[in-house]
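Asker: 3D model of this:
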Amino acid sequence: LAEVTAGAALACRNAAYITIGTGIGSGLIVDGHILHGDLHSEFGHLNVPRHPDDDYPGFCRYHGDCLEGLACGPSIAARWGQPAHELPADHPAWDLEAWYLAQGILALLAIASPARVIIGGGVSQAVGFHAKVEAHLRDLAHGYFATLQDHHPYVVPPILAQNSGIQGALLLACREATRAGRTLG
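Answerer: Reported below is the predicted structural model:
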């Protein structure tokens, strides 16, 4: 919500925010509204194709090799023997991480067609990470999604940095208070 209101997806009526840390989560704004089902989104537990050279069993205690099991912070640490923030920018972990995130974003494109995808969270702060994800996404999409042609860059970091979540929560609280006829202050 914050990135659509005052950040990397300003004025986009359809956008996705993905956060990668101890897990992988996402939020969607569709036609200007927060998309929310009966439960919170479980984007991280999406089943994604395996990279052909990857035999890592996955970290998720429920699904093993779901997106989160293959690409969250603890998965990176378990797979490579050190946490993401200690891996150099040219480590092969980043290309594999970007490939898996591109698989998840490809599913988002097919389902909700966001005009922009913002990736935040601790893991996403690696140098060049967003460009790697976008390159894999464009390769996997094979030119099919017009949104990718219309918006460049398509996969971006949050302009509001690590404050996106808290600012979005405050905006949501203000919206709800306004609907209820109250003011926050």
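
Asker: Report pLDDT for the nearest residue to Gly32 once chain neighbours are set aside.
Answerer: Sequence neighbours aside, Arg13 is the residue nearest to Gly32 in space, at 4.8 Å (criterion: Cβ to Cβ, 6 or more residues apart in numbering). All C-beta atoms are positioned from the backbone trio N, CA, C, and that covers glycine. At Arg13, the model reports a pLDDT of 93.

Asker: doesn't Pro114 make contact with Ala16?
Answerer: Yes - contact criterion Cβ atoms under 8 Å: Ala16 and Pro114 qualify, at 4.2 Å.

Asker: show me where the chain has helices.
Answerer: 2-6, 67-71, 73-80, 92-111, 129-141, 146-150, 164-179 (DSSP state H).

Asker: Please identify the most buried of the ones you listed.
Answerer: helix 67-71 (a mean of 28; mean count of other Cβ atoms under 10 Å).

Asker: Give me the helices and strands touching the lowest-mean-pLDDT helix or strand in the chain, please.
Answerer: Each helix and strand of the chain was given a mean pLDDT (mean pLDDT, DSSP states H and E); the minimum falls on helix 146-150 at a mean of 85. With contacts taken as 3 or more Cβ pairs under 8 Å, 6 or more residues apart in numbering; DSSP states H and E, helix 146-150 sits against helix 129-141.

Asker: contacts for the helix it packs on?
Answerer: The list of residues contacting helix 129-141 from outside it, by Cβ atoms under 8 Å, 6 or more residues apart in numbering, reads 94-95, 97-99, 101-103, 105-106, 109, 119, 123-124, 148, 153-157.

Asker: 7 Å - rerun?
Answerer: Contact partners of helix 129-141, identified using Cβ atoms under 7 Å, 6 or more residues apart in numbering, comprise 94-95, 98-99, 101-103, 105-106, 119, 148, 153-157.

Asker: Determine which two of the residues you listed are furthest apart.
Answerer: Within the contacts of helix 129-141, Trp94 and Leu148 form the most distant pair, 21.1 Å apart (Cβ to Cβ).

Asker: what sits against Ala84?
Answerer: Ala84 touches Gly73, Ile76, Val123, Ala126, counting by Cβ under 7 Å, 6+ apart.
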